[in-house]
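In: When you get a sec, could you give me coordinates for this:
(chains A and B)
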2 protein chains.
Amino acid sequence: MFQKPRGTRDYGPDEMARRRWAEDRMRAEALKCGVREIQMPIFENLELFTTKSGSEIVEELYAFKDKGGRDIALRPEMTAQVMRFYVSDLAVLPKPLKVFYFGPCFRYENPQAGRFREFSQIGAEIIGANTPETDAEVIALAVSMVESVGLKDFVVRIGYIGILRRMLEESGLSDEKISEGLHYLDKNEEKKFAQFARDNAIPLEKMASIMAIRKLRGDTTVLEQLDSKEEGEYLREVMECLSSLEVKNCEVDLGIVRGLDYYTGMVFEIDALSLGAEKQVCGGGSYELVPLFGGEQVFTTGFALGFDRVLIALENEGLEPAKQTLDVYIVPIGDNARRKALEIVASLRESNLSVDFDTMRRSLSKNLKYAASVNTKKVIILGERELSKGIVTVRDMISGEQKEIEIKSLESNIDEILSS
Amino acid sequence: MFQKPRGTRDYGPDEMARRRWAEDRMRAEALKCGVREIQMPIFENLELFTTKSGSEIVEELYAFKDKGGRDIALRPEMTAQVMRFYVSDLAVLPKPLKVFYFGPCFRYENPQAGRFREFSQIGAEIIGANTPETDAEVIALAVSMVESVGLKDFVVRIGYIGILRRMLEESGLSDEKISEGLHYLDKNEEKKFAQFARDNAIPLEKMASIMAIRKLRGDTTVLEQLDSKEEGEYLREVMECLSSLEVKNCEVDLGIVRGLDYYTGMVFEIDALSLGAEKQVCGGGSYELVPLFGGEQVFTTGFALGFDRVLIALENEGLEPAKQTLDVYIVPIGDNARRKALEIVASLRESNLSVDFDTMRRSLSKNLKYAASVNTKKVIILGERELSKGIVTVRDMISGEQKEIEIKSLESNIDEILSS
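Out: Numbering: from 1, shown residues only, chains lettered A, B, ... in the order given. Below you'll find the predicted structure:
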């Protein structure tokens, strides 16, 4: 027997219906916000990803040489691709450009619960606007996506990486050193950060202040403890916009660092609390990346949402979408009935019903069993008796009740056929 | 500037909307036929594809070693994956199993018009039934998919590879030799086939008969020229089922060989005539593959449809879906209006309208220009004057007409807002 590759998954009909349902709901939220879909290739030149994330990322990538000797990698995420596409083509479109994407991404890591080598991301970017309402709109979309599939037990934490960045800058640190410092804060390594602060002559008071800011979390009143009025005001405005947009479960969390160098201002994360230790399902913020890919500086805010993790969280919360059903299953009995059955199949499908029929020429009882297995609402039976009378027998698969309907009036009686 | 990899494509908002529209239509057709979606990984162990298609296929694959030293390949098609998934998991589901798939596939070939290194396939398989109506149902689904997006200028050619296969068998040829002979017929290499026939002592009469059968094409009357009543009867039944299912543009074509060894009975192809030389958009038939992947013999009929080629054919036929539109774009003027605008955004989105708003605090004229660029139906203007009167100005973007509506009655007047 052949195995699927390690760390990958197959999806059977029920699971796949659930995934498409969730994907469609999230896509609908983006479109409702005037955010339009774009798509990029599954693989890219390796350099695209190392440019964004540094050469260390190669360790975590499915990277390989193609037959032309080019270094290629399966995408680990899609923001770098959006930036590339923006610089090459999309920059000519009117601003702000509001786009989203959905698709598979790949990471070479040890498979474990909730972490797979192939996984799906959905994300969005607003390019060209730098107002609090832009940041709020991005957060609102991420939240409406997780809410659209029914997730309830989540919290949105919103911070401002610009504050810590500025404080480290004020200590005279180089960009590289700032990255190192933020890295310790991101990983919550307080001792290492303290050592780093001593090594780099960051005054004790400043260090204490940085540590204190990291712990600020709650409603907007925590912003009163910030030195800089400007940053606090900005974040307060974002929070107020979110309130006007009726986005729930939001709180300020100035401890959000996000381990990536390119975040500059607002940063946010969504946690699905049912997931335990690996509870983060979404991360985003405003960032500067376009110049890195050869474009002119432009304001950018975006997020990426772990589609698979959201689905696991939904399961943990006991939420299941309605099962896929089949409207009608037709059972012809005998050769004459078979031809007539196909005509009925065609006409009911024409009326947009989902219709299947017996292709295996089995007995009625076997057919009823099969119809039940695919969640059929009504079975239409067409035997010699029915055929001679120009009728069919319609059986309700829940109540078991049967009634006769004239074949020629089937199409005009679809509501009746589908009602119990 | 970074380039996308050779032979791949990015899709901007308009093109992507068109692709999702087509994908959704085709998916809806499958679901209407009781065919359910499944999904497999983007990459597989290389052996899966060489087992199905022979070691020569490695040449055309994106094949590489992962970091664990495993031979991996990006999938060139999905039937082998369906077979693997069937053997490992799906075989326990009730028969017939009717499944479809949609997604990207990859081939390392020289990019040229209509042929890309990353392309999309949609396809279906019915597993476990071997009647003419099963074959007809598979063909009907393929046809309804291309019709669902509006394709008109196409023809469905239906043949029976079993006939040529039997005739070669009767000449005492080994399986390997039969494959070789069919290969020449597939490639339309008549001289090579004639030489092959001589080399393998196929009687001249037999050879002539094979050549003649290959040329039989038209309505079901051509079947009368077949020696074997059984095969002709079978194909006639398939054609009659198609007629009952109201499938149009079908003809018999006994010249269809399909260059793959595993096809056993009915084979069919759909040509989109506007595509010229590369006109085939779909190929399928009944085949035997499950035992190759370690499962018990089971009847299988399926097809794969070149999604990208269908889209090119649509373009050639001058068919374009309606452009994506935005229902409402809201322009607040001034700080006070901005807050109120966000509340209106939230309430109209709650009513399922697609709603965007000015996040760049631009002038009205710039906003109207932007709104037009994203195909907005109505612009809602909220200035100080409107705010003080508790109203908004609603501007129709086609007629330019404006009218005032009370803010509090916006939600209950959505139909009015959207009407011209």
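In: For the residue of the stretch 151-300 of chain A found nearest chain B, report the pLDDT, please.
Out: Closest residue of the stretch 151-300 of chain A to chain B, CB to the nearest CB: A:S244 (3.6 Å). Quick note: C-beta positions are derived from backbone N, CA and C, even for glycine. Per-residue confidence at A:S244 stands at 96 (pLDDT).
In: How about it, nearest residue that isn't a chain neighbour?
Out: For A:S244, ignoring the flanking residues on the chain, the nearest one in space by CB to CB, 6 or more residues apart in numbering or on different chains is B:L342 at 3.6 Å.
In: And A:G255, by the same measure?
Out: Leaving out its chain neighbours, the residue that sits closest to A:G255 by CB to CB, 6+ apart is A:R214, at 4.4 Å.
In: so how far is A:V222 from that neighbour?
Out: A:R214 is 12 Å from A:V222, where distance means CB to CB, to the nearest Å.
In: Likewise for A:G128?
Out: Distance, A:G128 to A:V222, by CB to CB: 31 Å.
In: which of these two has more neighbours?
Out: Neighbour count, other CB atoms under 10 Å in any protein chain shown: between A:G128 and A:V222, A:G128 has more, with 21 against 18.
In: distance of the more buried one from chain B?
Out: Remark: distance between A:G128 and chain B (CB to the nearest CB, to the nearest Å) = 7 Å.
In: surely that residue meets B:M360?
Out: Yes - at 7.4 Å, A:G128 counts as touching B:M360 under the criterion of CB atoms under 8 Å.
In: Which neighbours do those two have in common?
Out: Shared contacts of A:G128 and B:M360, defined by CB atoms under 8 Å, 6 or more residues apart in numbering or on different chains, are found at A:95-96.
In: Would you confirm that A:V138 belongs to a helix?
Out: Yes - A:V138 forms part of a helix when assessed by DSSP: H, G, I helix; E, B strand; the rest coil.
In: Can you report phi and psi for the residue lying closest to it once chain neighbours are set aside?
Out: Leaving aside its chain neighbours, A:V138 sits nearest to A:T301 (4.7 Å; criterion: CB to CB, 6+ apart). The phi/psi pair for A:T301 (degrees, to the nearest 10) reads phi -130, psi 140.
In: and if you look at A:R107?
Out: Torsion angles at A:R107 (phi, psi; degrees, to the nearest 10) stand at phi -140, psi 130.
In: For it, which residues are in contact?
Out: A:60-62, A:76, A:117, A:119.
In: Looking at those residues, which is nearest B:L348?
Out: Using CB to CB, A:F119 comes nearest to B:L348 of those, at 33.9 Å.
In: Tell me how far that closest one lies from chain B.
Out: As for A:F119, its distance to chain B is 11 Å (criterion: CB to the nearest CB).
In: Go through the contacts of A:R107 and name the one nearest chain B.
Out: Among those, A:Y62 lies closest to chain B (CB to the nearest CB), at 6.6 Å.
In: Next up, the contacts around that closest one.
Out: A:Y62 is in contact with A:73-74, A:106-108, A:117, B:43, B:66, B:72, counting by CB under 8 Å, 6+ apart.
In: which among the residues you listed end up buried?
Out: When the contacts of A:Y62 are checked for burial by 16 or more other CB atoms under 10 Å in any protein chain shown, the buried set is A:73-74, A:106-108, A:117, B:43, B:66, B:72.
In: Mind pulling up the pLDDT for the residue nearest to A:G255?
Out: Here the pLDDT value assigned to A:R214 is 91.
In: any idea how far it is from A:E189?
Out: For A:R214 relative to A:E189 (CB to CB), the value is 12 Å.
In: which of those two has more neighbours?
Out: In terms of neighbours (other CB under 10 Å), A:R214 is the more surrounded of A:R214 and A:E189; the figures are 20 against 13.
In: Check the contact between the more buried one and A:L185; I expect there is one.
Out: Yes - between A:R214 and A:L185 there is a contact at 6.3 Å, judged by CB under 8 Å.
In: any common contacting residues for those two?
Out: By CB under 8 Å, 6+ apart, A:R214 and A:L185 have these common neighbours: A:164, A:255, A:257.
In: Tell me where chain A is predicted with low confidence.
Out: For chain A, applying pLDDT under 70 flags the ranges A:111, A:113-114, A:259-260, A:420.
In: Could you chop it up by domain?
Out: A:13-40+A:75-316, A:326-418 (automatic domain parsing).
In: Need the winner for burial among the ones you listed.
Out: Each of the domains of chain A was scored by mean neighbour count; the highest is domain A:13-40+A:75-316, a mean of 19, by mean count of other CB atoms under 10 Å in any protein chain shown.
In: start to end distance for it?
Out: One end of domain A:13-40+A:75-316 sits 21 Å from the other (CA to CA, to the nearest Å).
In: Quick one: residues contacting the residue of the stretch 251-400 of chain A found nearest chain B.
Out: Closest residue of the stretch 251-400 of chain A to chain B, CB to the nearest CB: A:D356 (3.0 Å). Counting by CB under 8 Å, 6+ apart, A:D356 makes contact with A:326, A:328-330, A:374, A:376, B:33-34, B:98.
In: what sits against the closest residue to it other than its chain neighbours?
Out: Sequence neighbours aside, B:G34 is the residue nearest to A:D356 in space, at 3.0 Å (criterion: CB to CB, 6+ apart). Residues near B:G34 by CB under 8 Å, 6+ apart: A:326, A:329, A:354-356, A:374, B:98.
In: ok, 7 Å please
Out: Contacts for B:G34 (CB atoms under 7 Å, 6 or more residues apart in numbering or on different chains) come out as A:326, A:354-356, A:374, B:98.
In: circling back to that earlier point, return the list of strands paired to the helix or strand hosting the residue of the stretch 251-400 of chain A closest to chain B, each annotated with direction.
Out: If you go by DSSP states H and E, A:D356 is part of strand A:355-357. Strand A:355-357 pairs in its sheet with strand A:326-332 (parallel), by DSSP bridges.
In: so how far is A:T301 from the nearest residue to A:L204 once chain neighbours are set aside?
Out: Nearest non-adjacent residue to A:L204, counting by CB to CB, 6+ apart: A:A197, 7.9 Å away. According to CB to CB, A:A197 and A:T301 sit 30 Å apart.
In: for stretch A:28-48, how far is the first residue from the last?
Out: End-to-end distance of stretch A:28-48 (CA to CA): 30 Å.
In: For the nearest residue to A:L275 once chain neighbours are set aside, give me its contacts.
Out: Take A:L275 and drop its neighbours on the chain: the residue closest to it by CB to CB, 6+ apart is A:A313, 5.3 Å away. A:A313 makes contacts with A:151, A:272, A:274-275, A:281, as judged by CB under 7 Å, 6+ apart.
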